[in-house]
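A.B. asks: Quick one, what's the 3D model for this:
(3 chains)
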Amino acid sequence: MKPAANRHFLNTQDWSRPDLDALLTQAAIFKRSKFGDELKGKSIALVFFNSSLRTRTSFELGAFQLGGHAIVLQPGKDAWPIEFDLGTVMDGETEEHIAEVARVLGRYVDLIGVRAFPKFVDWTLDRQDRVLNGFAKYSPVPVINMETITHPCQELAHILALQEHFGTTNLRGKKYVLTWTYHPKPLNTAVANSALTIATRMGMDVTLLCPTPDYVLDERYMGWAEQNVAESGGSLIVSHDIESAYRGADVVYAKSWGALPYFGNWAPEKPIRDQYRHFIVDEAKMAMTNDGVFSHCLPLRRNVKATDAVMDSPRCIAINEAENRLHVQKAIMSALVS
Amino acid sequence: MKPAANRHFLNTQDWSRPDLDALLTQAAIFKRSKFGDELKGKSIALVFFNSSLRTRTSFELGAFQLGGHAIVLQPGKDAWPIEFDLGTVMDGETEEHIAEVARVLGRYVDLIGVRAFPKFVDWTLDRQDRVLNGFAKYSPVPVINMETITHPCQELAHILALQEHFGTTNLRGKKYVLTWTYHPKPLNTAVANSALTIATRMGMDVTLLCPTPDYVLDERYMGWAEQNVAESGGSLIVSHDIESAYRGADVVYAKSWGALPYFGNWAPEKPIRDQYRHFIVDEAKMAMTNDGVFSHCLPLRRNVKATDAVMDSPRCIAINEAENRLHVQKAIMSALVS
Amino acid sequence: MKPAANRHFLNTQDWSRPDLDALLTQAAIFKRSKFGDELKGKSIALVFFNSSLRTRTSFELGAFQLGGHAIVLQPGKDAWPIEFDLGTVMDGETEEHIAEVARVLGRYVDLIGVRAFPKFVDWTLDRQDRVLNGFAKYSPVPVINMETITHPCQELAHILALQEHFGTTNLRGKKYVLTWTYHPKPLNTAVANSALTIATRMGMDVTLLCPTPDYVLDERYMGWAEQNVAESGGSLIVSHDIESAYRGADVVYAKSWGALPYFGNWAPEKPIRDQYRHFIVDEAKMAMTNDGVFSHCLPLRRNVKATDAVMDSPRCIAINEAENRLHVQKAIMSALVS
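C.D. replies: Below you'll find the predicted structure:
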C-alpha cells in the first residue's frame, strides 16, 4: 500500500495527490471505527525537541488504538546536542552524531516522529530543516514530521475537517483565506506554510491575507503554492486588504507568524506587528464571508487571534480539526508500516 | 453503574455513601484479582501541573491492568499558562483557554486526571480550585481529582486500608486522630482536608489535633465534616492537647500543613511551626492509643513526622495505604467509564 | 528458572557463568523472534535519576514486546532527594526514605530498573552505589542496574555482539583491548569497569590501554578482573603503549573516563587529559589489529573518540551492540520474573 516514493512523511508536497487522498479516506474510516491491528506489535519513537501535548497525545493514543506502542522521547530544546555534519571534530557541544541517533532508534522501532522547531536566530539555517532531514537521511525506518518548519499532519487534519463540512469532493473552487493575526510573540511560520501548501493542492482559490509584503511566506512555500495552482487549478493571491479578502470566503484559517525579513532580529518587527491587532478574526469580519467556517491549529489566544464569539460559534471547526489529528496520524502511521 | 450525578470524581463529598461503598468494594475485588477488561481500549490523560511518582505509577499501571492506556502529560508548574476566564484579551502570559484544552483532550481520551497544587500565595484564589473546576466545566469526559486542594483518591485508599485492618463494617465509632506534625516547609492542606472529610463520612469519632487554632482547616472542610457528623453519627472535636487526643485512639493519621492565616506570608508562621516539633508521632504517643494503627499518605520525613520505630512497626499501614491507591483508582476509573 | 541467588541484576559478577550464558542464549532467541508473553501483565518501573534515550527506549519497548508495561519515572538528578540512612532526622533536604520509595514501588510493579550516575564529587561516596544498593535492599521485587558505576546491561549487549561476530563459543583467548580515549569532560567509569569485568569473565586476553597509571580503574573492578582471569583463563595487562596494545587485537572497545585520583577535583586533570587526544581510534591503529572489530557503548563524539572512517567501517559493531540492549534486557527481565 505504501508507494515506494513515500518512504517518509516529511511534507505533503512529496506525496502524490492520490496517495494523500488515500490517507484522508483511511483517516475518515478510523474516525468512524477507532480500533484496528494495523500497528500490532509495531512501535514509534516520538522525538520531541520541542514540547507538545496535543501532538503527543494523538500519536501515542493512535498507536495504542491500532495495537502499537509509542515511546515518547523528550530530549528538550537544548538537552541533546546532535551533530549533523560529517567530518566535524566533535570536541565542542555536540555529544552524538545524527547517524548514530537515527540508526540506533531505527533498530528499535518501526517509525520515528520528529518535532523540531526553528531556533529563530537565522532563517537561512532553520529553513534547511536539518533535524528532520538528518533523521530522514540516516533512519532505516520511516520518519514522520511532527512539526518543524512545516506541519503536514496538521494539514491533513485541517483538510479532513473541511471535507466533513463541505463534502469530500467539494473543496475545489472554494474561497480560502489564510489570514495572519496578531500575537505578542513572533511565531513559527510552519502552519502558515502548510496551510498555503495544502489549500492550493486541493484546488481552492487561496488568498494569503497579511499586513504587509514583509509577512509573505518563504519563497519555497510560495513556489509550492504556485506549482499547485498550475497543477490543480484554483488560484493564489496575496492581499493586504481585509475586506476584499474576507468577502465571500468559504474558509477562514488564522495563524500568526513573525515577518521573515526580521528573523532573528525581532526587536524592530515588534512595533510593526503591534499595528495590526485589528487583523483579529471577529464576528464583523466573519459576517462578510459566504457563511464561511473558521479554523485554527490551536493553541489560540482568545480575543487576540479570534474573539470568544467566533471561537464559540457553530462555524468554528477548530476542535474538529484538533480531533482529526488523531485520525490522520493513524492513517499516516498505518500507511508507512504497511 | 455510574450514577448520573457522578459525572466526575472531584471530591468524595459529591458522591453518595452507597456509591463510595461500591467503589471500595470494587477496589477490594481488584486487590484480589488485578486484571480485567473494564478499560479495554479506553484511555486516560493524566495532567500533572505538579510532579508525581506514586500517583502517576498507580494510575498508569491501573489503566494497563484493565486493558486501557494512560497518557502522562506534564506541563509543569509554570510551563503551560492557561486562561480560565471568558472575555479576557489573552495578550499576556496565558497561551490557551481551558475551554480548548479540555475540549480537545476530551475528544481524544475517555477520562482526564488532574493534579494541580495550590500556588501558596493567596488562599482565597487557591481555594477556588480553578484548574480542576475548569477541566470539569469544559471537559466532555469525566475528570478525576489527582490532588489539588483535596485528595479524594488518597481518602479511599486510606479507608480501604482501615477496612482491611478493622473489617469493612467496623469503622463507625472508632476513635480517629488526625494529627498535625512538624515539617520544615508549609505544606498543602489537601490530605488533611480529605482525611477530615472521609473520616467523618465513615462515622468515626474524629479528633483534629493541631498546635493552635491557626492550624484549624478551611471552613469549607470543617463544614463538610460537621455535615457528615450530622448525617453519619460519630463526632468531631478540635484539640490542641496531645495526650487526650491520643488516649484510646484506634487510628492515628499524620500530616503536616501550613497555617492558613499565614498563607502566602509564611515567614512569620515559620517560628510558630518550629515550636511544635514535638507533635512527631513516636512510640510513647502510640503507647497511649488503643493498640491503634498509624498511617500517612507519603512521602514522609522519618524522625520528623514519625519515628523510625513507628514507621517500621507492624501497626504502620502506610505502605498498604499507598498500595491501595492502585486498587481504588482502578475502581474509580472503571466506574466513570461504565 | 531464576536461580535463588539472582534476585536482582546489579552486576554480572553476582551471576554464575551458566546463568549469564543462559541470558545470552535467550537474548539471541529474542533477536530472532521478538514477541512473547514472558512479561504478560507484568510491569517494570524505570527510575531514571539521570536521563536516557537508548536505555529507556530499549527497556520500554522490550516490556511491550513481551506483553508487559514499563513506567518511566524521571525524578531528575536533584528533584527527588532520598534519604538512605536509618536514624536520620530528616529535617534537611531529603523528603523521603529509600525504604518507603522501594517498598511502595515494589507493591505496584514486578521489576524496578535504576539509573543513578555518580555525583562526581567524592569517589569514596559514589563507589558505594547507594541508590542502587538502597533499592536492592528494600525492594520486594527484583532490581535491575540501568547504569550506575557499572553498566551490566551494556556488558551483555556487547558480548552478544562479539558472539555474533566470532561465534558463541569462540571468545576465549581473543585479544581484547579496552582503550581509554579523549573526551572534553571527565566521564563516568561505569562502562569501562563493566567492559573489564565481562571481557575477563569470558576468558579473553584483555589489555587495559590508558595514558598513565592514573587512568587505571578502581581496585574493586581490577580485582574482579583478576579473579575472573584466575577462574576463566585469559589474562589481564595494563598498558600505556598504543602500538603494542593494538597489535594483533581481535576486539577494540573504546571509552573515555576521568582519572580517579582527580575525582571531584577535575581542574588539574584537564591539562593531563588534553595531552592524550591521540588515543583516538583511527584507521592507522585499526590496521595494526588482527582484522579486529571496533565497538563503543554510544553516544560517541566522532573524530574525538573514533574517526568517521572507523565508525562507518564494516568492522564497527557499535550499532549492533546498541540494538542488542533490547534483546539482552528482555532476557534479563524475563529471567527475573520467571
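A.B. asks: Roughly how far does the nearest residue to A:Leu196 once chain neighbours are set aside sit from A:Met204?
C.D. replies: Spatially, and ignoring its direct neighbours in sequence, A:Leu196 is nearest to A:Ala225 (4.9 Å; Cβ to Cβ, 6 or more residues apart in numbering or on different chains). Any C-beta I mention is one placed from the backbone N, CA and C, and that applies to glycine too. Distance of A:Ala225 to A:Met204, computed by Cβ to Cβ, to the nearest Å: 11 Å.
A.B. asks: do the same with A:Lys270
C.D. replies: According to Cβ to Cβ, A:Lys270 stands 32 Å off from A:Met204.
A.B. asks: Specify which residue of these two has the higher count of neighbours.
C.D. replies: More neighbours surround A:Met204 than the other of A:Lys270 and A:Met204, with 27 against 13 (other Cβ atoms under 10 Å in any protein chain shown).
A.B. asks: Check the burial of A:Asp241 by counting its neighbours.
C.D. replies: 10.
A.B. asks: List the contacts of it.
C.D. replies: Contacts for A:Asp241 (Cβ atoms under 8 Å, 6 or more residues apart in numbering or on different chains) come out as A:Leu209.
A.B. asks: Helices along the stretch 151-300 of chain A, start to end?
C.D. replies: A:152-166, A:190-201, A:219-232, A:242-246, A:269-274, A:283-287 (DSSP state H, counting those that start in this stretch).
A.B. asks: Then the stretch 1-150 of chain A?
C.D. replies: According to DSSP H, counting those that start in this stretch, the helices that the stretch 1-150 of chain A contains are A:17-32, A:54-65, A:98-108, A:123-126, A:130-138.
A.B. asks: Check which residues of the fourth one are buried.
C.D. replies: Which is helix A:123-126. Using 16 or more other Cβ atoms under 10 Å in any protein chain shown as the test for burial, helix A:123-126 gives A:123, A:126.
A.B. asks: The first one now?
C.D. replies: The neighbour-count check on helix A:17-32 (16+ other Cβ under 10 Å) flags A:19-20, A:22-24, A:26-28, A:30-31 as buried.
A.B. asks: List of residues touching it?
C.D. replies: A:1, A:3, A:6, A:12, A:15, A:36, A:156, A:159-160, A:163, A:168, A:201, A:232, A:324, A:326-328, A:330-332, A:334-335.
A.B. asks: try the second one
C.D. replies: For helix A:54-65, the surrounding residues in contact (Cβ under 8 Å, 6+ apart) are A:34-36, A:39, A:42-44, A:46, A:48, A:69-70, A:72, A:113, A:115, A:146-147, A:153, A:298, A:322, A:325-327, A:329-330, A:333, B:41, B:43, B:45, B:69, B:71, B:73, B:104-105, B:108-109.
A.B. asks: what's the span of stretch A:136-151, first residue to last?
C.D. replies: Counting by Cα to Cα, to the nearest Å, you get 16 Å between the two ends of stretch A:136-151.
A.B. asks: Now do the buried residues in that stretch.
C.D. replies: Using 16+ other Cβ under 10 Å as the test for burial, stretch A:136-151 gives A:136, A:138-139, A:141-151.
A.B. asks: Let's have the helices of the stretch 151-300 of chain A in JSON lines, adding mean pLDDT.
C.D. replies: Putting those into JSON lines (pLDDT from 0 to 100) gives the following:
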{"stretch": "helix A:152-166", "mean pLDDT": "98"}
{"stretch": "helix A:190-201", "mean pLDDT": "98"}
{"stretch": "helix A:219-232", "mean pLDDT": "98"}
{"stretch": "helix A:242-246", "mean pLDDT": "98"}
{"stretch": "helix A:269-274", "mean pLDDT": "96"}
{"stretch": "helix A:283-287", "mean pLDDT": "98"}
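A.B. asks: among the ones you listed, which is the most enclosed?
C.D. replies: Mean neighbour count (mean count of other Cβ atoms under 10 Å in any protein chain shown) peaks for helix A:190-201 among the helices of the stretch 151-300 of chain A, with a mean of 27.
A.B. asks: Can you dump the C-alpha atoms of it in CSV for me?
C.D. replies: Taking Å, rounded to 0.1, in the frame of the first residue of the first chain, the C-alpha atoms of helix A:190-201 are listed here in CSV:
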residue,chain,number,x,y,z
ALA,A,190,5.2,26.2,9.9
VAL,A,191,1.4,26.1,10.0
ALA,A,192,1.1,29.0,7.6
ASN,A,193,3.5,27.3,5.1
SER,A,194,1.5,24.2,5.5
ALA,A,195,-1.9,25.8,5.1
LEU,A,196,-0.8,27.6,1.9
THR,A,197,0.6,24.3,0.6
ILE,A,198,-2.4,22.1,1.2
ALA,A,199,-5.1,24.6,0.3
THR,A,200,-3.6,25.2,-3.1
ARG,A,201,-3.0,21.5,-3.5
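A.B. asks: now that helix against helix A:219-232, angle please.
C.D. replies: When axes from the mean of the first three to the mean of the last three Cα atoms, to 10 degrees is applied, the directions of helix A:190-201 and helix A:219-232 differ by 20 degrees.
A.B. asks: mind checking pLDDT for the residue nearest the centre of chain A?
C.D. replies: Nearest to the mean C-alpha position of chain A, counting by Cα atoms, centre = their mean, stands A:His151 at 1.9 Å. You'll see A:His151 listed with a pLDDT of 98.
A.B. asks: correct me, but it touches A:Asn145?
C.D. replies: Yes: counting by Cβ atoms under 8 Å, A:His151 touches A:Asn145, with 7.3 Å between them.
A.B. asks: Among the contacts of helix A:54-65, name the ones that also lie close to chain C.
C.D. replies: Among these, the ones lying near chain C by Cβ under 8 Å from any Cβ of the partner chain are A:43, A:69.
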